[in-house]
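Asker: got a sequence here, can you build the structure:
(2 chains)
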Amino acid sequence: MLVVTYNVNGIGARLDALLDYLEQRKPDVVCLQELKAPQEKFPESAIREAGYHAIWHGQKSWNGVAILTRDGPAQELQRGLPGDPADEQSRYIEAVYQGLLVCGLYLPNGNPAPGPKFDYKLAWMERLIARGAALIETGAPVVLCGDFNVIPTGLDAYKPERWVDDALFRPETRAAFERLMSQGWLDALRSMYPDQVVYTFWDYFRNAFGRDAGIRIDHLLLSPAVAPALRGAGVDRFQRAKEKPSDHAPTWIEIDPGAIVQPKHPR
DNA sequence: ATGTCGCTCTCTGAGCGA
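Answerer: Alright, predicted model coming up:
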């Protein structure tokens, strides 16, 4: 089962590229971020004609997340990250698909830091940590994936010294991410490539992709029940090299559904 | 500080967020 996370940076501008990708790779599950489209502007029919079911949480201008599935619809469990009823930003969606709990997220960027946007990022991460603990505690097989806007370590940035004051790499951000990870999540890409440089995002400016001046901020975290099913992982850089690309590349894992551990007493 | 995109609005450029 191929599970992909892909920040499209505007579903309107990226529809052709997305359809091309679906045709080329035929992923089973795709978590999308940064739709930048209101709920009613999501191109549901074009995606259906491409052979995918979709659930999505749109928002005018900014944010927006979706989950696409190929072999049947996903059952939506949660829309919006719990913990703050006043938070109206569309950054989280959760669904069950073929026994797998798929959580797609678009974590706040948080720049400039310090400031109110950084405070919002850290507060959002606290809510994510609470959600992560609850998910792990069920024993369910969970893939928690998306654009985390977190550079976990210096290995994950071209010239990390340039990111020290950035909200994606500040100590508070990395510490919160480490607290999430300490719950028992497996960073799928890093586990497959322990020492290698792996980037998922390259700025549009200064020919960043051509120079491979990237960062790794799109992550797929696996709960203990799905970690043993991991068979492969990677970044589809070819998609970033196409015409009119997103600044992110699709990032993927291959899992063996037969190796997923289902809890004996599902709640 | 800069660079380049995408989206929205008052509208064919400017502001904002990333």
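
Asker: for the residue of chain A found nearest DNA strand B, give me its contacts.
Answerer: Proximity of chain A to DNA strand B (Cβ to the nearest atom of the strand) peaks at A:G10, 2.4 Å away. Placement of C-beta: from N, CA and C, glycine included. Contact analysis of A:G10 by Cβ atoms under 8 Å, 6 or more residues apart in numbering lists A:E34, A:L35, A:K36, A:A37, A:S246.

Asker: you'd agree the last one is up against A:Y21?
Answerer: No. Using Cβ atoms under 8 Å as the test, A:S246 is too far from A:Y21 to be in contact (10.1 Å).

Asker: overlap in contacts, these two.
Answerer: Shared contacts of A:S246 and A:Y21 (Cβ under 8 Å, 6+ apart): A:Y6, A:Q239.

Asker: for A:L101, give the beta-bridge partners.
Answerer: In this entry, A:L101 is beta-bridged to A:V96, A:V142, by DSSP bridges.

Asker: so for stretch A:253-267, mean pLDDT?
Answerer: The average pLDDT within stretch A:253-267 is 88.

Asker: in a helix, A:I253, correct?
Answerer: No. Using DSSP: H, G, I helix; E, B strand; the rest coil, the secondary structure at A:I253 is strand, not a helix.

Asker: show me the strands in chain A, by range?
Answerer: In chain A, the segments counted as strands under DSSP state E are A:2-7, A:29-33, A:53-57, A:65-69, A:75-79, A:92-97, A:100-106, A:142-147, A:186-187, A:201-202, A:214-215, A:218-222, A:230-235, A:251-255.

Asker: residue ranges with poor pLDDT in the stretch 151-267 of chain A?
Answerer: Applying pLDDT under 70 to the stretch 151-267 of chain A picks out residues A:265-267.

Asker: ok, now with 90
Answerer: Within the stretch 151-267 of chain A, the stretches with pLDDT under 90 are A:263-267.

Asker: give me the contact list for stretch A:20-30.
Answerer: Contacts of stretch A:20-30 (Cβ under 8 Å, 6+ apart): A:1-6, A:47, A:50-52, A:66-71, A:74, A:97, A:100, A:102, A:143, A:236, A:239, A:242, A:250, A:252.

Asker: nearest to A:W62, of the contacts of A:G10?
Answerer: A:W62 has its nearest neighbour among the contacts of A:G10 in A:K36, at 6.2 Å by Cβ to Cβ.

Asker: and the pLDDT at that closest one?
Answerer: 98.

Asker: A:F148 too?
Answerer: On pLDDT, A:F148 comes in at 98.

Asker: does it touch A:P108 like I think?
Answerer: No. In this structure A:F148 lies outside contact range of A:P108 using Cβ under 8 Å: 10.0 Å.

Asker: out of these two, which sits in the busier spot?
Answerer: A:F148 (27 against 20; other Cβ atoms under 10 Å).

Asker: show me the contacts for the more buried one.
Answerer: Contact analysis of A:F148 by Cβ under 8 Å, 6+ apart lists A:L105, A:L107, A:F177, A:I217, A:D218, A:H219.
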